[in-house]
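# Below are the sequence and a predicted model for it; my questions follow.
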Amino acid sequence: MPSVTHDDAPLLADLMPWSVAPLRPGRAWPTAPDPASLKARWEALLKADGPEREALFEPTRSRTPHSAVGQLPGQSSGTEKLVRASGPCPEPVRVLAAPFDEQWLIPDHRLLDTARPELWRVADGQQVFTVETAGDSPALGSPLLATSHLPLLRPGRIRPLYRRPGGEEPNLAPGLRDFLAAHLGLSPTPLDVLAWILASTRPDLTVPLTGDAGLWSRGVRLGHRMLWLMRRDGERPKLPGGRRPYVRAPLPALPLTLHYDREEETLHLDEGRIAPVPPDAWDFEVSGVRVVEEWFAARTAPAEPGTLSAIRPRTWPQTWTSELLELITVLALLAELEPQQQDLEPTTPVTATDLRRAGVLPPPEWARRPASVLDHHEEGPEGQFALL
């Protein structure tokens with residue numbers, strides 16, 4: 001893990017100037033580990049009328065079934081007030097609900113207290129969201145996570161890599177890439193810069209930059225591997241043969257307890273067994289919370305009877321087993337990279353003072369605000385067009 005120092009390293013907030021506060025859903029039921037449960041919850045909500053529908057909705061000061069809000073950008077949910085809504089459930093979308101836990105969300109503005117439409121406008125297949133974590137035990141010694149999906153994590157800020165859809169206009173301090181190119185003799189892409197940031201950012205959210213092309217290249221390679229593992233895009237990660245986790249004893253219909261045997265490197269889900277599970281994967285924490293335990297609890301913790309959250313699978317889906325095996329693999333492979341992170345402290349640093357002298361810092365105020373130009377209409381409350 002990069003050490004915490006008090007040198008003149010630039011702040012992440014200056015290198016990636018545009019950031020957005022986390023989403024605040026306000027209620028748990030529009031998010032679930034499986035999309036079928038979300039559709040069943042939607043049907044149950046719409047079958048209810050009057051006070052029953054309002055109680056199931058779980059109103060807050062920000063959202064009730066009478067709230068009038070527009071569509072989420074890029075989504076096709078209805079805009080009539082939920083108190084009289086009908087029709088099928090909006091198609092659930094993948095989100096990062098917790099560190100390394102990809103779940104599903106009903107993408108309906110009427111269900112979310114604070115949806116952050118500016119993030120939905122730039123969410124596409126080329127976007128990478130960087131999320132600040134909290135606490136003294138960040139992921140892999142890094143205070144950052146990266147995901148291709150819209151993150152629902154709290155409390156850290158979210159920094160998209162691109163300010164516009166289609167991978168347009170990087171969310172980097174203007175002039176930063178040109179400055180690095182001149183000092184390194186390379187032409188770093190926006191994803192290269194993000195890879196270095198992911199691998200090197202310290203817990204105090206400073207980013208040590210380097211003028212050493214060899215060190216930069218090593219850090220970028222490390223960061224790209226971290227990005228691949230965190231985003232889980234493309235080819236699925238695998239541990240070497242003999243170290244790959246398998247189901248050694250069938251999992252029960254719906255396991256209720258989770259236990260790790262460190263000596264045997266075995267994960268017990270009631271009488272079910274998965275092995276080998278490396279200790280580093282079991283011990284992997286983000287913000288002081290063990291990732292595997294939080295992932296399991298999200299699928300098995302009791303829900304209050306009669307609530308929409310109580311609508312969930314009656315038996316453990318096979319897809320969850322596959323996701324758990326992949327989660328163990330990802331955490332084990334990420335843990336292996338930590339020693340390489342410790343070698344990224346530059347001996348020839350590029351300081352914040354250097355960037356200020358070159359006019360790269362401070363970034364202009366417009367760079368801290370979202371881009372405003374859109375190429376499509378957005379529907380406002382009750383079917384009106386939103387004026388932007």
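That came through, no problem.

# Tell me the buried residues in stretch 302-317?
Applying a neighbour-count criterion of 16 or more other C-beta atoms under 10 Å, one finds 307-309, 311-313, 316 buried in stretch 302-317. (Glycine included, C-beta is placed from N, CA and C.)

# so which of these comes closest to residue 156?
residue 309 (24.6 Å; C-beta to C-beta).

# who touches that closest one in this structure?
By C-beta atoms under 8 Å, 6 or more residues apart in numbering, the residues touching residue 309 are 28-29, 41, 303.

# By neighbour count, which of those residues wins?
residue 29 (24 neighbours; other C-beta atoms under 10 Å).

# need the contact list for that one.
Applying C-beta under 8 Å, 6+ apart, we find residue 29 in contact with 41, 58, 307-309, 311.

# In helices only, show me these.
Of the contacts of residue 29, the ones assigned to helices by DSSP state H are residue 41.

# Now tabulate the contacts of residue 29 in TSV and tack on pLDDT and distance to residue 48.
Compiled in TSV, the contacts of residue 29 are given as follows (pLDDT from 0 to 100; distance: C-beta to C-beta, whole Å):
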residue	pLDDT	distance to residue 48
41	98	11
58	98	12
307	98	12
308	98	10
309	98	15
311	98	12
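
# Could you single out the nearest of the contacts of residue 309 to residue 9?
Among the contacts of residue 309, and counting by C-beta to C-beta, the member closest to residue 9 is residue 28, at 38.5 Å.

# all strands for the stretch 51-200 of the chain, in order.
93-98, 101-105, 129-132, 144-147, 150-151, 158-160, 162-164, 168-170 (DSSP state E, counting those that start in this stretch).

# What of the stretch 251-388 of the chain?
Counting by DSSP E, counting those that start in this stretch, the strands of the stretch 251-388 of the chain are 258-261, 266-269, 272-275, 285-286, 289-290, 349-350.

# want to throw the ones you listed into CSV with mean neighbour count and distance to residue 359?
CSV is the format used below for the strands of the stretch 251-388 of the chain (neighbours: other C-beta atoms under 10 Å; distance: least, C-beta to C-beta, whole Å):
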stretch, mean neighbour count, distance to residue 359
strand 258-261, 14, 53
strand 266-269, 21, 53
strand 272-275, 18, 54
strand 285-286, 20, 37
strand 289-290, 16, 42
strand 349-350, 21, 14
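
# wait, which of those strands is closest to residue 133?
strand 285-286 (5.5 Å).

# Listing partners with orientation, what would you give for the closest one?
Each strand paired with strand 285-286, and its direction, by DSSP bridges: strand 289-290 (antiparallel).

# can you tell me which residues contact the residue located most distally from the centre of the chain?
With C-alpha atoms, centre = their mean as the measure, the chain has its most outlying C-alpha, relative to the mean C-alpha position, at residue 50: 35.8 Å. Residue 50 makes no contacts at all, as judged by C-beta under 8 Å, 6+ apart.

# gap between it and residue 84?
With distances taken as C-beta to C-beta, to the nearest Å, residue 50 is found 11 Å from residue 84.

# same thing with residue 356?
Counting by C-beta to C-beta - residue 356 and residue 84 are separated by 56 Å.

# Please apply the same query to residue 152.
From residue 152 over to residue 84 the distance is 28 Å, taken as C-beta to C-beta.

# Neighbour count: those two, which is higher?
Ranked by neighbour count (other C-beta under 10 Å), residue 152 and residue 84 place residue 152 first, with 20 against 12.

# I'd guessed residue 367 sits against residue 17; true?
Yes - in terms of C-beta atoms under 8 Å, residue 367 counts as a neighbour of residue 17; the distance is 4.2 Å.

# Residue 130: neighbour count?
For residue 130, using other C-beta under 10 Å, the count is 25.
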